[in-house]
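Visitor: With the sequence up front, the predicted model follows.
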Amino acid sequence: MDVATVNISSKTFANSAHEKYPDAYGLLSFKDLKTYSIDYALTSADNAKNVDLKFYCMGKGSNVDSEPRLYSINAAKSDEYKGSNGAGLNTAAVKNRTMLAKLSDFDYDNATVTSIASEISASLIVKEDLIPITEGDIIAFKTASTSAAGGNRIGVMRIISMTPSTGEGVLKPGDTTARVLTVEIKFPKKK
């Protein structure tokens, strides 16, 4: 099983990473267990197939914490993720429809290939978005049939932390949506 900790940027830094998180872009690849920029996804169909999720923060006003969310590439908000040429992620040649579900009774710490296969039913992983998400959430995912990671594969991740949207430690003062999400992913190897 592959296990990785990955930082994912919100829309603000989706195409150009923040200096404190130089490898954190806005699009998560389950194949590579790392993030990529919008420009990468817009370059070719093969690149678009290699991005599975995006991290989004919904602004609620100045000095009010933003609402963190996860979206499939195919789901809402893709038009807000712009490449350096102004094109939106919604124009990508392929838009993976990764499915998600929050888990309440799954033992993430002791997760194995067997427990993921036997305790997480694909029929429960049916949402293209999770609104809101919070630190500690355990999230099951099922890759899209078009994903470079392989179609309909199931894995699990835990939200470790998020940078603050207000107060001390904000990444971009005045922009409550500028955040970085840290997740740990457990993904059984492709058969």
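Guide: Nice, I can see it.

Visitor: so where does Ile116 fall, helix or strand?
Guide: Per DSSP states H and E, Ile116 falls inside helix 113-119.

Visitor: Now do the helices in the chain.
Guide: Counting by DSSP state H, one finds helices in the chain at the ranges 38-43, 45-49, 113-119.

Visitor: So which elements touch the helix holding Ile116?
Guide: strand 154-162 (3 or more Cβ pairs under 8 Å, 6 or more residues apart in numbering; DSSP states H and E). (Glycine included, C-beta is placed from N, CA and C.)

Visitor: which outside residues touch the strand it packs on?
Guide: Outside of strand 154-162, the residues within contact range by Cβ atoms under 8 Å, 6 or more residues apart in numbering are 5, 30, 68, 103, 106, 108, 111, 116-117, 120, 122, 125, 133-143, 179-188.

Visitor: from memory Arg97 sits against Glu128, does it?
Guide: Yes. Taking contacts as Cβ atoms under 8 Å, Arg97 lies within contact range of Glu128: 6.5 Å.

Visitor: got any residues that touch both of these two?
Guide: Ser72, Asn74, Ala75.

Visitor: got a list of what the first one touches?
Guide: Spelled out, that is Ser72. Contacts of Ser72 (Cβ under 8 Å, 6+ apart): Asp52, Leu53, Lys54, Asn96, Arg97, Thr98, Met99, Leu100, Glu128, Asp129, Ala144.

Visitor: now do Lys142
Guide: Thr98, Met99, Leu100, Ala122, Ile125, Asn152, Arg153, Ile154.

Visitor: quick one: the strands in this structure?
Guide: According to DSSP state E, the chain carries its strands in the segments 2-9, 27-29, 34-36, 53-58, 67-72, 99-103, 129-130, 138-142, 154-162, 180-187.

Visitor: From the chain's centroid, how far away is the fifth one?
Guide: Spelled out, it's strand 67-72. Offset of strand 67-72 from its chain centre (Cα atoms, centre = their mean, to the nearest Å): 8 Å.
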